[in-house]
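**Student:** just a sequence and a predicted model for now, questions to come.
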Amino acid sequence: MEHDLWQKHMGNAHLVAYMNATDGAVEDFTLNEMTPVFDY
């Protein structure tokens, strides 16, 4: 389920707008998907 939420978040308008607004101005922009290290 967490992966589905991550994919949904990556498609949010604010991230798309940021990437479009900074295209060519930002050399490198990386968002990493993180997974839990410990299972509580």
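**Tutor:** Arrived safely, thanks for sending. Numbers count the residues shown, from 1 in each chain.

**Student:** just how off-centre is stretch 28-40 within its chain?
**Tutor:** On the basis of C-alpha atoms, centre = their mean, to the nearest Å, stretch 28-40 is displaced by 10 Å from the centre of the chain it belongs to.

**Student:** where does the chain have low pLDDT?
**Tutor:** Along the chain, the parts satisfying pLDDT under 70 run over 1, 39-40.

**Student:** all helices in it, in order from the N-terminus.
**Tutor:** In the chain, the segments counted as helices under DSSP state H are 2-10, 13-21.

**Student:** mind putting these in JSON lines, distance to Leu31 included?
**Tutor:** C-beta here means a position set from N, CA and C on the backbone, and glycine is covered the same way. Listed next are the helices of the chain as JSON lines, based on distance: least, C-beta to C-beta, whole Å:
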{"stretch": "helix 2-10", "distance to Leu31": "7"}
{"stretch": "helix 13-21", "distance to Leu31": "8"}
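
**Student:** nearest to Asn32, out of the ones you listed?
**Tutor:** Closest approach to Asn32 among the helices of the chain is made by helix 2-10 (9.9 Å; C-beta to C-beta).

**Student:** neighbours of the closest residue to Leu31 other than its chain neighbours, how many?
**Tutor:** By the measure of C-beta to C-beta, 6 or more residues apart in numbering, the closest residue to Leu31 outside its immediate chain neighbours is Met10, 7.0 Å from it. When neighbours are counted by other C-beta atoms under 10 Å, Met10 registers 11.

**Student:** against Phe38, how distant is Met10?
**Tutor:** 24 Å (C-beta to C-beta, to the nearest Å).

**Student:** same check on Val16?
**Tutor:** 32 Å.

**Student:** those two: which is more packed in?
**Tutor:** Taking neighbours as other C-beta under 10 Å, Val16 and Phe38 compare with Val16 leading, 11 against 4.

**Student:** picking up where we left off before, ok, the residue nearest to Leu31 touching Tyr18?
**Tutor:** No - if you go by C-beta atoms under 8 Å, Met10 and Tyr18 don't touch, sitting 11.6 Å apart.

**Student:** just give me the neighbour total for Tyr18.
**Tutor:** 13.
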